[in-house]
Structures are given as C-alpha cells and as structure tokens.
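> Make a model of this:
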Amino acid sequence: DEDEDEDEFLPASDQAIADRLEDVVCSSSSLESEDDAQSSNQSGGATSHKRKQRRQRRHQQEKELNDEDTTDPFLQLIEVLDTTYERDPMAAIPIARENKHSLEQRQEGLWRIARSWYDYATSTKGEELRLLKEGQDIARRAIDMNNNSAAAHKWYCIEL
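Residues are numbered from 1 along each chain as shown. Reported below is the predicted structural model:
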C-alpha cells in the first residue's frame, strides 16, 4: 500500500527543476518592481513595511543560496518551492507533492512538505484529518533529523 503511494510522488527531473527555477526567478524580479510601485502608492505604512521585510528576507535567502553550491538540484528545488510558497501557498502544494521523494531526503525538505500538507489539508474537504496526521508524521521525521530546527517544530505544532 505504502509503495503504491510513493509511486505517485516521483521526483521531477533536474532539468524540470532548473526550468521551473528560471521561471520563478524571472517572474520574481517583475514582482519586486510591482511591490516597489505598490509600496510607494500606498498610504498604509504597515503593509509597505511587511513587503520590505519580505523583500529583505528573500534577498537574504538568495544571498545564502548563492554562497552555497547552487548547482545542487535539491537547493534549486527548495528555492522554487519557497519562492512559489511566498507568492501563493496553494501553488506550492503540487510542487511538494510531485517532488516528495526528493524532499524527504533532507530535513529542510521534510518541514517544507509538512507546510504544504497543512495547506493541502485546510483546502481539502473530507481528508483533513488524514492529511494533518501525515503532515505531523513528516514534521516529526524532520525533528528527528535535526532537533534544533525551529521550522520543523513550528510545522509539527501547527499540524497537531
């Protein structure tokens, strides 16, 4: 039974990951200029401040990724998943599902699967409890790999 479920989540090819990453990077730069334009037109300082924080966080993540080996398909997949999630959490669900096997290999991938499973559970009628339990188990595996991971603990608690 479990082997049949795993066949459903085969990893995407390295080329597909690289192609998706290129699409995300190209569209994220146009989104940043839209964010800047919207920020300057808004009178609400709180929204502008949140966008600025998101932009700073995104730039920090990009810098950290650039400091690492960016030819690693796993890191490229994480970048695609995070960028997609930041723009639209629901759009990240299919990416996590399609690449579940690859993401399960490392703690950084496991908590991201748990994050997507939570969003999937909250959008699916009739399967919420099963999906939340799966997400909780996945987050638990991430914690077992690295007990100091705040993100793994966060998503484990959210799935409870």
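
> mind showing which ranges of the protein have poor pLDDT?
1-46, 59, 61-70 (pLDDT under 70).

> Give me the buried positions along the helix or strand encompassing residue 77.
Secondary-structure assignment from DSSP states H and E places residue 77 in helix 73-87. Buried residues in helix 73-87, counted by 16 or more other CB atoms under 10 Å: 73-86. Just so you know, the C-beta spots here come from the backbone N, C-alpha and C atoms, and that holds for glycine as well.

> what does stretch 147-160 give?
The neighbour-count criterion (16+ other CB under 10 Å) identifies 149, 151, 152, 153, 155, 156, 159 as the buried residues of stretch 147-160.

> Columns distance to residue 48 and secondary structure on top of those residues, output as CSV?
Compiled in CSV, the buried residues of stretch 147-160 are given as follows (distance: CB to CB, whole Å; DSSP: H, G, I helix; E, B strand; the rest coil):
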residue, distance to residue 48, secondary structure
149, 31, coil
151, 26, helix
152, 32, helix
153, 31, helix
155, 29, helix
156, 33, helix
159, 33, helix
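
> I'd like to know which of those is nearest to residue 126.
Checking the buried residues of stretch 147-160 against residue 126 by CB to CB gives residue 159 as the nearest, at 17.7 Å.

> wait, isn't the closest one in contact with residue 117?
Yes: when contacts are counted by CB atoms under 8 Å, residue 159 is listed as touching residue 117 (7.4 Å).

> who touches both of those two?
Common contacts of residue 159 and residue 117, defined by CB atoms under 8 Å, 6 or more residues apart in numbering, comprise 132, 135.

> circling back: can you tell me which of the buried residues of helix 73-87 is nearest residue 106?
When the buried residues of helix 73-87 are compared for distance to residue 106 (CB to CB), residue 74 wins out at 6.5 Å.

> residues contacting that closest one?
Here residue 74 is in contact with 102, 105, 106, 109 (CB under 8 Å, 6+ apart).

> Could I get the phi/psi values of the third one?
Residue 106 adopts backbone torsions of phi -140, psi 150, taken as degrees, to the nearest 10.

> ok, it - how many residues close by?
Residue 106 has 16 neighbours, counted by other CB atoms under 10 Å.

> From residue 107, how far off is the spatially closest residue to it that is not a sequence neighbour?
Closest residue to residue 106 in three dimensions, ignoring its sequence neighbours and counting by CB to CB, 6 or more residues apart in numbering: residue 74, at 6.5 Å. Per CB to CB, to the nearest Å, residue 74 is found 11 Å from residue 107.
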